[in-house]
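[1] This is a predicted model, with the sequence first.
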Amino acid sequence: LPVTYVVSGERIYFRVDPESVLGELARSMRVLFEVDDIDVPTATGWSVVVRGEATEAPALHQPILPTPWAPGRRSLAVVVTPTAYTGRAVSSDHPRS
């Protein structure tokens, strides 16, 4: 599910609705967090997958979190502490013109 997130140091922070499926993350769960991007005109892209532990972010350790794009209440801050990273970049020999 898409979230609006921020990276501080090596940790990933985002807000969720505590009553949602993502609210379950605050109960200390192993998770995968993926970020990717594509550029259609140049036919390039990349993705990074972070494996880590998700927990509720302590109030004193929360960086300034961005305002979520999705509507609704997002009062629970979650932090993912990474344990492993993988990633890849892709490109084509035939960019679109």
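    Received it, and whenever you're ready, just let me know what you need. Numbers count the residues shown, from 1 in each chain.
[2] For the helix or strand containing Asp37, what is the distance to the chain centroid?
    If you go by DSSP states H and E, Asp37 is part of strand 29-39. Distance of strand 29-39 from the chain centroid (C-alpha atoms, centre = their mean, to the nearest Å) equals 6 Å.
[3] counting contacts, what elements does that strand pack onto?
    Secondary-structure packing of strand 29-39 (3 or more C-beta pairs under 8 Å, 6 or more residues apart in numbering; DSSP states H and E): strand 44-56. For glycine as for every other residue, the C-beta is placed from the backbone atoms N, C-alpha and C.
[4] any idea of the mean pLDDT for the strand it packs on?
    Averaging pLDDT along strand 44-56 yields 96.
[5] what are the C-alpha coordinates of it, in PDB please?
    Provided in PDB are the C-alpha atoms of strand 44-56 (Å, rounded to 0.1, in the frame of the first residue of the first chain):
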ATOM      1  CA  THR A  44      15.000   3.900 -17.200                       C
ATOM      2  CA  GLY A  45      14.000   3.000 -13.700                       C
ATOM      3  CA  TRP A  46      15.100   1.700 -10.300                       C
ATOM      4  CA  SER A  47      13.700   0.000  -7.200                       C
ATOM      5  CA  VAL A  48      15.000  -0.600  -3.700                       C
ATOM      6  CA  VAL A  49      13.500  -3.100  -1.200                       C
ATOM      7  CA  VAL A  50      14.300  -2.700   2.500                       C
ATOM      8  CA  ARG A  51      13.800  -5.600   4.800                       C
ATOM      9  CA  GLY A  52      13.300  -4.600   8.400                       C
ATOM     10  CA  GLU A  53      11.400  -4.400  11.700                       C
ATOM     11  CA  ALA A  54       8.400  -2.100  11.900                       C
ATOM     12  CA  THR A  55       7.400  -0.600  15.300                       C
ATOM     13  CA  GLU A  56       5.500   2.400  16.600                       C
END
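[6] Give the burial count for Gly87, as a bare number.
    For Gly87, the count of nearby residues is 12 (other C-beta atoms under 10 Å).
[7] What pLDDT does the model give it?
    Predicted confidence (pLDDT) for Gly87: 97.
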